[in-house]
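**Student:** 3D, please:
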Amino acid sequence: MFRNYIKIAWRNLVKQKAFSILNITGLAIGLSCFLLIAVYVLDEISYDGYHEKADRIYRINSDLVFGGEEQRLPFTSDVIGATLKNDYPQVEEFVRIYTSNGSKLVKKGNEFITEQRVGHADSTFFDVFTLPALKGDTKSALNEPNTVVVTESTANKYFGSTDIIGKTIETNENNSTLYKITAVIKDIPNNSHFNFDFIFSMDNVNYSWGMHLSHNFHTYLLLKPGTEVKRFEKNLDEYILNYVLPQAKTVLNIESMEEFARAGNKLKYSLVPITDIHLMSDRQFEMSAGGNIQYVYIFSAVALFILLIACINFMNLTTARSSNRAKEVGIRKVLGTNKKRLVIQFLSESTLMAVISMILAIIIAFLVLPLFNDVSAKQMTIQSLFTPWIIPVLIILPFLVGLLAGSYPAFYLSAFQPIQVLKGKMNMSARGGGLRNVLVVFQFATSIILIIGTIVIYRQLNYIQTKNVGFNKDQVLIVDNAYTLRNNTEAFKNDMLNTPGVMMATYSSYLPVSNSSRNDNTFSTESVMTSENGFGMQVWSVDDQYIPTMGMGMKTGRNFSKDYPTDSNAVIINETAAKMLGGEDVIGRRIYTTTNFETGELTAYTIIGVVKNFHFESLKQNIGPLCMLLKRSTGIVSFKIAGNESGNILAKAEKAWKSMVPAMPFTYRFMDESFEDMYRAEQRVGKISLIFSVIAIFIGCLGLFGLAAFIAEQRTKEIGIRKVLGASVNGIVHLLSKDFLKLVLIAFVIAAPFAWWAMHKWLEDFAFRINISWWIFLVAGLIALSIALFTVSFQAIRAALANPVDNLRTE
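**Tutor:** This is a model prediction of the structure:
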């Protein structure tokens, strides 16, 4: 019997080829979108779950407010881990990771290569994290100084083999440092919040150890099984009282944390599960760009909506063809077929189409996956579609969709009364019209929400690109690792300044883009620092050409100058810092900063200028206080260049570099590219939203097309009579279109408030953002209305142009 159902279902699909292709295509596109988004979401929520002890690994976060500046950091002091393990039995183990500036120069052959994925770690690194060894013993791999663990791909890159235990690699630290390779591990999975190719021993970090107030280390705790995390977290406050406060008394001259808090300051430590870091953390200076749990929720909803729209299309397209099968149902009932068998027959057809659609969806997903990876910045493979989480979905989903999408048509068609159907007395357009209208409203409401969301995202991204950020990010060439020039720094700079098209040059270690390194310090308005007069501020070491090269403007005062020898003890602050100090009248005032945390010794600097505020972080953050000191720093050299000469300038820069330090890599970038890197996640969301908006609208139009065909078919006689009586084509098109346009307007009224709320919540992440203008809703509504009108008009014009004589002969 079942085989017979499938055979009849297949014959019906083949018999109505155009209808079947339309239906299967819409469902397949919807299912393929659902699969791609499902794989994306599963990848996002799987981060760091591969560690065997992931449920017991926590990172310590720091929340610091000092002098009005708020910092939310993933860093702690170097001693907090060891102290907590010593004082509290709930801590099974701890590990610290130190990334410094996040890169090293590693020698390969006769040249050095810039390696970005590097870090220093304690010997307990492999006791906490699960990273299987291919060669060597990870338990003792980092016990000694000058040792390093490398990944499999790194071993093959440098040595062509993983059998390299005992061999050495050379870095340019302290002119030259050799590290012995003690273990080779498998490549760290992509779904990890840290991705190292080299893990160096912590013993090689040049650092002032033992400072509870200095925060530069990522510290992870492995808690013992059964530990109540919330209760243990209270011990962090006790740690502050026992260890941080004694040092704070020396540096800040405070007697209690209450006194510290009364001045509006705050220091708070908290624990975050390692599996929450990628999606839940929005802290500065993460080791890698994180995800956003909001985007996971949004894309999950989009996937569900697109799948529902595809199912809705199936219902509408099937019921649109139901009049052609009404007599078939009537004859079957007269011949003795009961309702149950008719329901099974129609469900078999819908399930067969769903299975075919799923097979086609897998093929589409496979073909589109490389493009989807480019857009989403993922590295998913075809195997991602066949994981233990996805395989059950691939098996169950087509049957679930077939039953869901085919349920209404099955029960709708099987409920026909055979006598009325065979006498032609069934009003097919009246039955189920309310539900079909609701489904169309749902489709277009979803599409309008996506259209509005896409417009708002792209407007915000355009605002970011065009906003005056306080410096000129265009046509600025940045050459990294300039310190490797050593004694040739000035020669390289002067050589480039003599190159046509190079207008200015500056050495610094800091750039006004968020992926540049940072240095924060504590300042005071008095020679004795207290919690009342102290405040935090970023400190940038620059030269006298930094401000003009970056195109920054002075609000008041002057820039550094070689004509003023006293500028070595001078400072330039931004407007935010000036406001903290009481206003613009700050020229000549002195501020003090701690130079010795153990003794609390302060150094005085005189304010000589106030630079206009510029954005040195993402526009998601407010502009914080910042100061610049005139100090020689050769980490980065930046050139202001003429755009039409960039090719020649790059060639000249590389040639000059190689003539001075031939073994060192010449690495460069442009500042506008680094600026855009801060908003890659938002750009990806914008592209994905645009793609799925178009797909949702396309699938919605398939349903509207089917519904228009259904209505036109049911009103064939009416259209014929109207034409005989003199109705124009425009009049008939208006007659058939007006009801659909009403549905689109209803969808707009429903969608607009929800879209406004959703995008308002999204924009709240940005300290600097656009306003959601009324015209955005108008444009979205007109787009939806135009698409609906075009789709419906196609069927309406076709019906209106048909010969009325043929229409009146349909019966």
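**Student:** can you give me the strands in the stretch 251-400 of the chain?
**Tutor:** Taking DSSP state E, counting those that start in this stretch to define them, one finds strands in the stretch 251-400 of the chain at 266-273.
**Student:** what's the answer for the stretch 651-800 of the chain, then?
**Tutor:** Counting by DSSP E, counting those that start in this stretch, the segments of the stretch 651-800 of the chain that form strands are 668-670.
**Student:** Could you pull out the helices in it for me?
**Tutor:** Counting by DSSP state H, counting those that start in this stretch, the stretch 651-800 of the chain has these helices, from start to end: 671-677, 680-714, 716-724, 729-763, 774-801.
**Student:** Repeat that for the stretch 201-350 of the chain.
**Tutor:** For the stretch 201-350 of the chain, the helices defined by DSSP H, counting those that start in this stretch occupy 229-233, 235-239, 245-252, 257-262, 277-280, 293-320, 322-334, 339-376.
**Student:** of all these, which lies closest to Tyr483?
**Tutor:** helix 245-252 (30.1 Å; C-beta to C-beta). Glycine gets a C-beta too; all of them are placed from N, C-alpha and C.
**Student:** if you average pLDDT over that closest one, what comes out?
**Tutor:** Mean pLDDT, helix 245-252: 70.
**Student:** Stretch 296-312 now?
**Tutor:** Stretch 296-312 comes out at a mean pLDDT of 83.
**Student:** re the thing from before, most tightly surrounded among the helices of the stretch 201-350 of the chain?
**Tutor:** The highest mean neighbour count among the helices of the stretch 201-350 of the chain, using mean count of other C-beta atoms under 10 Å, belongs to helix 293-320: a mean of 22.
**Student:** quick one: it to helix 339-376, angle?
**Tutor:** 140 degrees (axes from the mean of the first three to the mean of the last three C-alpha atoms, to 10 degrees).
**Student:** helices or strands next to helix 293-320 in the packing?
**Tutor:** On a contact count with 3 or more C-beta pairs under 8 Å, 6 or more residues apart in numbering; DSSP states H and E, helix 293-320 meets helix 17-45, helix 277-280, helix 339-376, helix 391-414, helix 433-466, helix 680-714, helix 729-763.
**Student:** related to what we said a few turns ago, the helices of the stretch 201-350 of the chain into TSV, with extra columns for distance to Gly582?
**Tutor:** Shown next, in TSV, are those (distance: least, C-beta to C-beta, whole Å):
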stretch	distance to Gly582
helix 229-233	38
helix 235-239	33
helix 245-252	21
helix 257-262	20
helix 277-280	38
helix 293-320	39
helix 322-334	78
helix 339-376	48
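**Student:** Mean pLDDT lowest where, among those?
**Tutor:** Averaging pLDDT over each of the helices of the stretch 201-350 of the chain puts helix 322-334 lowest, since it has a mean of 63.
**Student:** Tell me which of the helices and strands packed on helix 293-320 sits nearest to Asp87.
**Tutor:** That would be helix 277-280 among those, by C-beta to C-beta, at 24.9 Å.
**Student:** which helices and strands does the closest one pack with?
**Tutor:** In terms of contacts (3+ C-beta pairs under 8 Å, 6+ apart), helix 277-280 is packed against helix 17-45, helix 293-320.
**Student:** possible to save those as a markdown table with distance to Val539?
**Tutor:** Shown next, in a markdown table, are the helices and strands packed on helix 277-280 (distance: least, C-beta to C-beta, whole Å):
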| stretch | distance to Val539 |
| --- | --- |
| helix 17-45 | 36 |
| helix 293-320 | 34 |
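**Student:** Relative to Lys555, how far out is Val469?
**Tutor:** Look at Val469 and Lys555: by C-beta to C-beta, to the nearest Å, they are 16 Å apart.
**Student:** Those two: who's more crowded?
**Tutor:** Val469 (19 against 15; other C-beta atoms under 10 Å).
**Student:** you'd agree Lys562 is in a helix?
**Tutor:** No. With DSSP: H, G, I helix; E, B strand; the rest coil as the criterion, Lys562 is located in coil rather than a helix.
**Student:** Can you check what pLDDT the model gives it?
**Tutor:** Lys562 is assigned a predicted lDDT (pLDDT) of 86.
**Student:** Also Ile113?
**Tutor:** In this model, Ile113 is scored at 88, pLDDT.
**Student:** Quick one: classify it as helix, strand or coil.
**Tutor:** Classification of Ile113 by three-state DSSP places it in strand.
**Student:** quick one on the thing from earlier: wait, which of the helices and strands packed on helix 277-280 is closest to His760?
**Tutor:** Comparing those under C-beta to C-beta, the one sitting nearest is helix 293-320, at 12.7 Å.
**Student:** The closest one vs helix 680-714, what angle?
**Tutor:** With the same axes, to 10 degrees defining the directions, helix 293-320 sits at 10 degrees from helix 680-714.
**Student:** between helix 293-320 and helix 17-45, how many degrees?
**Tutor:** Here helix 293-320 points in a direction 160 degrees away from that of helix 17-45 (the same axes, to 10 degrees).
**Student:** can you state the direction angle for helix 293-320 and helix 433-466?
**Tutor:** For helix 293-320 against helix 433-466, the angle by the same axes, to 10 degrees is 150 degrees.
**Student:** between helix 293-320 and helix 729-763, how many degrees?
**Tutor:** 160 degrees.
**Student:** now helix 293-320: how far from the chain's centre is it?
**Tutor:** With C-alpha atoms, centre = their mean, to the nearest Å as the basis, helix 293-320 stands 22 Å off its chain's centre.
**Student:** returning to what we had before: select, out of the helices and strands packed on helix 277-280, the one closest to Leu789.
**Tutor:** helix 293-320 (17.7 Å).
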